[in-house]
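> Let me see the structure of the following:
(one chain, ligands or ions: 2)
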Amino acid sequence: MRILVVGGGGREHAIIKKLKENEAVDTVFALPGNGGIAGDAICVAIGATDIAGITAFAVQNDIDYAVVAPDDPLVLGAVDALSAAGIPCFGPDSKAAIIEGSKIFAKDLMKKYGIPTAAYETFDSADAALAYLENAPMPAVIKADGLALGKGVIIAETRGEAFDAVRIVMRDKKFGKSGERIVIEEFLTGPEVSVLAFTDGKTVVPMASSMDHKRALDGDKGLNTGGMGTIAPNPFYTEDVADRCMREIFLPTVRAMTAEGRPFKGCLYFGLMLTENGPKVIEYNCRFGDPETQVVLPLLESDLLTVMKATTDGTLAETEVKFKKGAAACVVMASAGYPGAYEKGKPIQIPRDIADDIIVAGAALKDGHLVTSGGRVLGVTHVAPTLAEALDGAYEKVRRVSFDGAFYRRDIGARALNKKA
Ligand code: AMP
Ligand code: GLY
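Ligands and ions are numbered 1, 2, ... in the order given. This next block holds a predicted model:
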């Protein structure tokens, strides 16, 4: 089988490694892929948002199945275009991807269908937002409506910070068109859980739960990043919580999307906060999370391609989706300076015996050698019977990987381990 994967980060590398466990998969193309993915797939220099280029490539190269992994091409309609060209694919069409593409859509959906989330107001003018903030409770959370590379969320501790946030997003247009409308919502507290779920628009099958570590520095200090590490399963996500989420959040969301004429097929990501008043939705993503995928897929026992196809064909209810017992950890190694400015082109040394456990996020090939090309450079994963062993194993490998200026958090999984103790 000839498979195409759209995207070029750690998430895509993890997906490709898992897809290749199926012996029927003989060729995988990554568009555009990266220097590390090049060891597992044929990388083709077509950008992930070049929908016409992707579709033409798929048709010309007899692709049997396509996986669209990142948010932008999904929101832009990559699945619509590929499907129209007769290529079966994994991921929601643009009508369904709006659940991530517009935070206002997502909030209004939750309100209409009674799905628990933070209380909120929406605004399309800076004056109205500023007037509302005069009396709003602090902290407040200000979110740009559209996609903003995961950076469109500002948590304002004080009224002054909240005013600044509105000015930056709506007047200075820091996130461009994404910030023309905003959501201002109630600040929630509690442990965060990421739950990725397969769905075919009728059935929803949650994967192993996980926990991201978004801040750059130890102790959850520093700026927000794309994610500095993950663990799975998340010990805060007990069976009782899982049952409640299925009843109050997962099934109602999938049913709501279908009722709205936007059936969602693919991977629906629930960003949840376990508050004193029960689990609430912080965000929906229309795709696998990054770096959550790097810990969730290694725990998947069933064949990924079979499950993905079942979401496309609407046969998820009849398909076995099994996860292994045990735990997984992923520690991200980043370039010095990230998430601010950083240097590129630093040679990366990876011992051969652990190469299979390295998921490459931001690296290129230069004269046949892997060099850094992104902020988040790679993720080091380890699967073991317990979380403590998974973390020990991941950190042991991290110490054997090197590049100039590499930095990583030393406390990935610490909060989860304390909970267990
Ligand atoms: P998002 O990009 O929507 O995942 O938001 C980034 C991070 O901001 C989340 O992972 C949360 O830690 C935090 N966040 C978002 N919304 C809220 C909220 N209503 N209350 C507290 N924290 C939030
Ligand atoms: N790790 C968070 C995300 O993928 O959006």
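
> helix/strand/coil for residue 29?
Of the three states, residue 29 takes strand under DSSP: H, G, I helix; E, B strand; the rest coil.

> Could you pull up the residues touching it?
Taking C-beta atoms under 8 Å, 6 or more residues apart in numbering, we find residue 29 in contact with 2, 3, 4, 5, 41, 42, 43, 44, 57, 61, 63. C-beta here means a position set from N, CA and C on the backbone, and glycine is covered the same way.

> What about those residues, which are in strands?
2, 3, 4, 5, 42, 43 (DSSP state E).

> pLDDT (mean, whole number) over the host helix or strand of residue 390?
Using DSSP states H and E, residue 390 sits in helix 387-398. The average pLDDT within helix 387-398 is 98.

> Would you list the phi and psi of the residue nearest the centre of the chain?
Central residue of the chain (C-alpha atoms, centre = their mean): residue 289, 1.7 Å from the mean position. Dihedral pair for residue 289: phi -80, psi 160, per degrees, to the nearest 10.

> okay but it is in contact with residue 269, surely?
Yes - contact criterion C-beta atoms under 8 Å: residue 289 and residue 269 qualify, at 5.2 Å.

> okay, and the common contacts of those two?
Both residue 289 and residue 269 are in contact with 194, 196, where contact means C-beta under 8 Å, 6+ apart.

> where does the stretch 201-350 of the chain come near ligand 1, residue by residue?
214, 271, 282, 283 (C-beta under 6 Å from any ligand atom).

> Now do the second one: how many residues are near it, please.
Residues contacting residue 271 under the criterion other C-beta atoms under 10 Å number 17.

> The helix or strand hosting it: partners in the sheet, and parallel or antiparallel?
Element membership for residue 271, per DSSP H and E: strand 266-275. Strand 266-275 pairs in its sheet with strand 192-199 (antiparallel), strand 278-285 (antiparallel), by DSSP bridges.

> So, low pLDDT: which residues of the stretch 101-250 of the chain?
Per-residue confidence for the stretch 101-250 of the chain (pLDDT under 70) gives these ranges: 150.

> Try it again at 80.
Counting by pLDDT under 80, the stretch 101-250 of the chain has low-confidence residues at 149-151.

> Show me the strands in it, by range?
Taking DSSP state E, counting those that start in this stretch as the test, the strands found in the stretch 101-250 of the chain are 120-123, 140-144, 153-156, 182-186, 192-199, 204-206, 211-212, 215-217, 221-224, 229-232.

> Ok, the stretch 301-421 of the chain next?
Under DSSP E, counting those that start in this stretch, the stretch 301-421 of the chain gives strands at 327-335, 358-360, 363-366, 369-372, 376-384, 406-407.
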